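[1] Give me a 3D structure for the following:
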Amino acid sequence: SPSGFARTLRLRRAHDLIVDTRQPISDIALETGFADGSHFSRRFREAYGTSPSRMRHEAMRHQRDA
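    A predicted model of the protein is given here:
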């Protein structure tokens, strides 16, 4: 559906911001069009199988190890 496609694009952008910046996750949620952090976290977990904070932690760990 068009709304599902739009949500997927917003989640991809949020993923990129989580991995590539230190911007607060709550700010990323708002910037990518989610009304609140809990809704964003729920949708992110559905899409990526992990929480936004865990995704950031893992990305930072991989950057340190590289």
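[2] can you map out the strands along the chain?
    Ranges of strands within the chain: none, based on DSSP state E.
[3] Could you point out the longest helix of it?
    For the chain, the longest helix by residue count, based on DSSP state H, is helix 2-20.
[4] list the helices and strands that helix packs on?
    Judged by 3 or more Cβ pairs under 8 Å, 6 or more residues apart in numbering; DSSP states H and E, helix 2-20 is in contact with helix 25-31, helix 37-48, helix 52-65. Placement of C-beta: from N, CA and C, glycine included.
[5] That one: which residues count as buried?
    Judged by neighbour count using 16 or more other Cβ atoms under 10 Å, the buried positions of helix 2-20 are 7, 10, 11, 14, 15, 17, 18.
[6] swap in stretch 32-50?
    Of the residues in stretch 32-50, those with enough neighbours to count as buried (16+ other Cβ under 10 Å) are 32, 34, 37, 40, 41, 43, 44, 48.
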